[in-house]
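Q: pasting the sequence and the predicted coordinates here, then a few questions.
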Amino acid sequence: MATTTADVEYDPYDPGISADPFPVFRRLRDDAPLYYNERLDFFALSRFDDVERAFVDRQTFINARGDVLEAIQGNTPVPPGFFIFEDPPLHTVHRGVLSRSFTPKRMSALEPEIRRFCAEALDPLVGGDRIDFVRDLGARIPMRVICNLLGIPEADQETVRDRADEHVRTEPGKPRDYAVQTVTGEEFAEYIDWRVDHPSDDMMTELINAEFEDVDGTVRSLTREEILVYTNLLATAGNETTNRLIGWMGKVLSDHPDQRRMLLDDPALAANAVEETLRYEPTGVHIARYVARDVELYDRVVPAGTAMLLLAGAANRDERHYADAERFDVSRRDRQFTFGYGAHFCLGAALARLEGRIALQEVLKRFPDWEVDLDEAKFAATSTVRGWEALPARLG
């Protein structure tokens, strides 16, 4: 069965729905597992099993037109190397170049540095009565980590973060203006050009020196354009998602003090708490795909050429898969779709999880009790990355 706006409406640009999409998601799962929004012209899947199948059906639901609704509908041209908007074999080649820099060994080696960054952010707050989980922590730690990995000078890191934030901003209720200049990375040209003559132990140098086998069998280096695109992609993605994750951890553990006490009693649950936060309050609730061929779902043909939203946020709370799906439980051990699934699973997921776990542990070491001040909190207006722009809390 499919339904339209006459029965239930999901508008991904509605700030009210974005702040709390879960009542709408439940209606979609129950009454419209295949949903069509006639006004905005997109389909959506919301049940866990349907979303999982769509993620792995790369012949029907393709990525080459983008994973953002506005990009698909605008047929936005994408520069070479923007691999998250590519399909195999091109995606495999371009992702492979970057994956060399995201090995488990390299990510684990970052732990002491991330703990130091957290201490520098949190220690000045000890003895005070307030913390802002976004402005004091979330907006600072991911920025420092990814910029240090790339080799961006500390003096320029806040500018890079603010630019990344601006790239995902929307006017409340309106689609994002997904212009091609948001992905070209020209703002990083000065750093790249300087690194050519001054190599260092950072990702920009690795990208400059990388050699790989292209889809035609040619062994080559990355072009300057590709290096700029890669750098921009890493700087943007490495800032935004983890920033929002840290904010959501502050919010859900304020709302669930019993779960916070469990973490105080057993710090080893911190990694679980990160995963459960990603499930329960996802930093991104939908991932778009272009429908490459007609497909029949729930007795309706979804025509080729349309856009499909895979509602990760809805699938993450599907009671058909999760026991007690609406309950936040830091001891839960299960997967979720916030980082995607299949070939396009988020390359930086391990780093985001590491930063989230360390940030949570370092907060709990210093502040065992807090209560979010929702009167002063501010929700960010974006259509892709969901979370808080400011999340102040009173310390207990």
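A: It's in.
Q: buried residues in the helix or strand hosting residue 25?
A: In the assignment (DSSP states H and E), residue 25 maps to helix 22-31. Judged by neighbour count (16 or more other CB atoms under 10 Å), helix 22-31 contains these buried residues: 22, 24, 25, 26, 27, 28, 29. Every residue, glycine included, has its C-beta placed from N, CA and C.
Q: arrange these in TSV, one row each, with distance to residue 388 and pLDDT as further columns.
A: Output for the buried residues of helix 22-31, formatted as TSV (distance: CB to CB, whole Å; pLDDT from 0 to 100):
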residue	distance to residue 388	pLDDT
22	17	97
24	20	97
25	20	98
26	23	97
27	25	97
28	24	97
29	26	97
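Q: looking at those, spot the one nearest residue 395.
A: Using CB to CB, residue 22 is the member of the buried residues of helix 22-31 that sits closest to residue 395, with 28.4 Å.
Q: Three-state assignment for the residue nearest to residue 81 when sequence neighbours are not counted, please.
A: Nearest non-adjacent residue to residue 81, counting by CB to CB, 6 or more residues apart in numbering: residue 226, 3.5 Å away. For residue 226, the assignment made with DSSP: H, G, I helix; E, B strand; the rest coil gives helix.
Q: burial of residue 226, as a residue count?
A: 20 (other CB atoms under 10 Å).
Q: which residues touch it?
A: Going by CB atoms under 8 Å, 6 or more residues apart in numbering, residue 226 touches 79, 80, 81, 94.
Q: where's it relative to residue 98, distance?
A: In this view, residue 226 and residue 98 are 11 Å apart by CB to CB, to the nearest Å.
Q: where does residue 123 fall, helix, sheet strand or coil?
A: At residue 123, secondary structure determined by three-state DSSP is helix.
Q: make 649 the starting number, not 1.
A: All right, first residue 649 from here; so that's residue 771.
Q: residues in contact with it?
A: Listed by CB under 8 Å, 6+ apart, the contact set of residue 771 reads residue 1014.
Q: per-residue pLDDT, the spatially closest residue to residue 896 that is not a sequence neighbour?
A: Closest residue in space to residue 896, ignoring its immediate chain neighbours: residue 929 at 4.3 Å, by CB to CB, 6+ apart. The model reports residue 929 with a pLDDT of 97.
Q: do the same with the one 4 residues further on
A: We have a pLDDT of 94 for residue 933.
Q: likewise residue 815?
A: Note on residue 815: pLDDT of 64.
Q: again with residue 835
A: 86.
Q: can you check residue 754 too?
A: On pLDDT, residue 754 comes in at 88.
Q: rewinding a little: where's the helix holding residue 673 relative to the chain centroid, distance-wise?
A: 22 Å (CA atoms, centre = their mean, to the nearest Å).
Q: what helix or strand does the nearest residue to residue 805 once chain neighbours are set aside sit in?
A: Computed as CB to CB, 6+ apart, the closest residue to residue 805 that is not its neighbour in sequence is residue 795, at 4.3 Å. For residue 795, the host element (DSSP H and E) is helix 789-798.
Q: and residue 871, what does it touch?
A: Residue 871 makes contacts with 728, 729, as judged by CB under 8 Å, 6+ apart.
Q: before we move on, what about residue 1018?
A: Listed by CB under 8 Å, 6+ apart, the contact set of residue 1018 reads 779, 898, 901, 902, 1041, 1042, 1043, 1044.
Q: spit out the contact partners of the last one.
A: With contact set as CB under 8 Å, 6+ apart, residue 1044 has these partners: 1015, 1016, 1017, 1018, 1019.
Q: poorly predicted segments of the stretch 799-948 of the chain, please.
A: Low-confidence segments of the stretch 799-948 of the chain, defined by pLDDT under 70: 814-831.
Q: swap in 90 and give it another go.
A: 802-835, 880-889 (pLDDT under 90).
Q: so which residues of it form strands?
A: Using DSSP state E, counting those that start in this stretch, the strands of the stretch 799-948 of the chain run over 859-861, 867-869, 935-939, 943-945, 948-950.
Q: secondary structure class for the residue lying closest to residue 888 once chain neighbours are set aside?
A: With sequence-adjacent residues excluded and distances taken as CB to CB, 6+ apart, residue 888 is closest to residue 1033, at 4.7 Å. When classified by three-state DSSP, residue 1033 comes out as coil.
Q: look up how far residue 738 lies from residue 1033.
A: Distance, residue 1033 to residue 738, by CB to CB: 25 Å.
Q: confidence score at residue 1029?
A: pLDDT, residue 1029: 70.
Q: tally of neighbours for it?
A: By other CB under 10 Å, the residues close to residue 1029 number 16.
Q: same check, this time on the one 3 residues further on
A: Applying other CB under 10 Å, we find 24 other residues in the vicinity of residue 1032.
Q: can I get the contacts of residue 1044 in CSV with distance to residue 894?
A: Shown next, in CSV, are the contacts of residue 1044 (distance: CB to CB, whole Å):
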residue, distance to residue 894
1015, 14
1016, 17
1017, 18
1018, 13
1019, 17
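Q: can you tell me the helix or strand for the residue lying closest to residue 1018 once chain neighbours are set aside?
A: Excluding the flanking residues, the one nearest residue 1018 by CB to CB, 6+ apart is residue 1041, at 4.3 Å. In the assignment (DSSP H and E), residue 1041 maps to strand 1040-1043.
Q: same question for residue 743.
A: Take DSSP H and E as the rule and residue 743 turns out to sit in helix 738-747.
Q: next: residue 779.
A: Assigned by DSSP H and E, residue 779 falls in strand 778-780.
Q: give me the sheet partners of that strand and which way each runs.
A: strand 1040-1043 (antiparallel) (DSSP bridges).
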